[in-house]
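Undergrad: Generate a structure from the sequence data that follows.
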Amino acid sequence: MKKRLFAIDAVRGWVMIFMALDHAVLFTYYHIFAEGFQGTRPNPMPETLHYLTRFITHYCAPTFFFLAGLGVALYTLSRRSRGLSEGQITRKLVKRGFLLVALQLTIINFTWGFGPDSGASLVYFGVLSCIGTGMVVLAFARRLPLPVLASGSVLLLLLLPVLLGAFPVAPGVDQPLLEILLQPSDKGWVAVNYPILPWLGVMGLGCACGYWIADRPQKISRFFFILGAVLLAAWLPLRLVGGYGNLTPYLGGDWRDFLLMSKYPPSLAFLLWNLGGMSLAIAAHSRLENRLSSNRFFGIVGLFGKTPLFFYVVHLQVYKLLSLIPFLRGSLPAAYLTWLIGLAVLVPLCAGFNSLRQRYPNSVLQYV
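TA: This next block holds a predicted model:
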């Protein structure tokens, strides 16, 4: 793969924008709960606008993990073409993974308010630490034959409901290893929203897809369209039948109840819906690349997608600072205004960082 894929950067950029909305609302308004957390349901169910505001952000985590895995494959192939050895590639991926974990345990956790004097958990094992750990695993697993990598990732996802049922979290007992590996928990000294095993399957699947499309760049639109259609076609009967793959089953009610799926941990239904939508979005952006890539707005979307780690770390600081402004607090419209102001601030910051990284490609910035 000799150039960056516009569709991948654009779709990653879109979910960065959705994530920023979620965090703007959290900092300036309140945390909208519109998904399942270990069987817990929203009570009461958010009204439509609040529900949709949160629901659109559900695409973020599955897309981040899938594209992180896909990025491992494309990074591997690009570095091989430059003459790097497998050992060098592995070391760079491991360094990147540990950097993500370190950022989570320091800057990000401090920003979220975790620590010894916070009144919250001492440690938060969040999205960066989960992606970072998965990247360390993929630094070695990426060398598996493609059929083994793909089938192993799918098998892990299919077995998740069994594993979750076989190893439950005991009420009132700290089980940090189990929580970090498998079961989300907001109790005890470690808080976990993104355990490793459920999301490792998504990263592995992304890595396998990355290898496949790299050899067939002309088939990217068709591949992701078929993948998206298959995933969504599998989602509907799974959701209708309930039971296996539905950690938050449909118990009756309006469309909000039907679309209420478990995110913590991610159910099969949740992953099928969101990865299916992501795949169709990649297919559409790839199909329309010639028309969209020269558009200034999509240039900004792609810019965010090219600088995801920088965007992630900086946008939290931006929205935390904006939340100190009184007129930007206390309502959903104010949160939306905060979101747009924050995005406007982030455009020059991401552009400056991207330019700096291109100027010094072999510096430590290559890991950010």
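Undergrad: residues in contact with the helix or strand where Ala150 lies?
TA: Assessed by DSSP states H and E, Ala150 sits inside helix 146-166. With contacts defined as C-beta atoms under 8 Å, 6 or more residues apart in numbering, helix 146-166 is touched by 141-142, 144, 182-183, 197-198, 200-205, 207-208, 211-212, 244-245, 247, 265, 267-268, 271. The way it works is simple: take the backbone N, C-alpha and C, and place the C-beta from them, glycine included.
Undergrad: change it to 7 Å
TA: Contact with helix 146-166 is made by 141, 182-183, 197-198, 200-201, 204-205, 207-208, 211-212, 244-245, 265, 268, 271, as judged by C-beta atoms under 7 Å, 6 or more residues apart in numbering.
Undergrad: average pLDDT across it?
TA: For helix 146-166, the mean pLDDT works out to 96.
Undergrad: swap in stretch 314-322?
TA: On average, stretch 314-322 scores 98.
Undergrad: Not counting its own residues, what contacts it?
TA: Against stretch 314-322 from outside (C-beta under 7 Å, 6+ apart): 20, 23-24, 27, 108, 111, 328, 338, 341-342, 345-346, 349.
Undergrad: Which residue in these has the weakest pLDDT?
TA: Thr111 (93).
Undergrad: Quick check: nearest residue in space to that residue, chain neighbours excluded?
TA: Leu316 (4.8 Å; C-beta to C-beta, 6 or more residues apart in numbering).
Undergrad: re the thing from before, would you write a ChimeraX line that selects the buried entries of the contacts of stretch 314-322?
TA: Buried residues within the contacts of stretch 314-322, by 16 or more other C-beta atoms under 10 Å, are selected in ChimeraX with:
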select :20,23,24,27,108,328,338,341,342,345,346
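Undergrad: Now render the contacts of stretch 314-322 as a markdown table, adding secondary structure and distance to Gln38.
TA: Compiled in a markdown table, the contacts of stretch 314-322 are given as follows (DSSP: H, G, I helix; E, B strand; the rest coil; distance: C-beta to C-beta, whole Å):
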| residue | secondary structure | distance to Gln38 |
| --- | --- | --- |
| Ala20 | helix | 26 |
| His23 | helix | 22 |
| Ala24 | helix | 26 |
| Phe27 | helix | 25 |
| Ile108 | helix | 22 |
| Thr111 | helix | 25 |
| Leu328 | helix | 33 |
| Thr338 | helix | 30 |
| Ile341 | helix | 35 |
| Gly342 | helix | 31 |
| Val345 | helix | 36 |
| Leu346 | helix | 33 |
| Leu349 | helix | 36 |
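Undergrad: Quick check: of the contacts of stretch 314-322, which lies closest to Arg287?
TA: Ala20 (26.1 Å; C-beta to C-beta).
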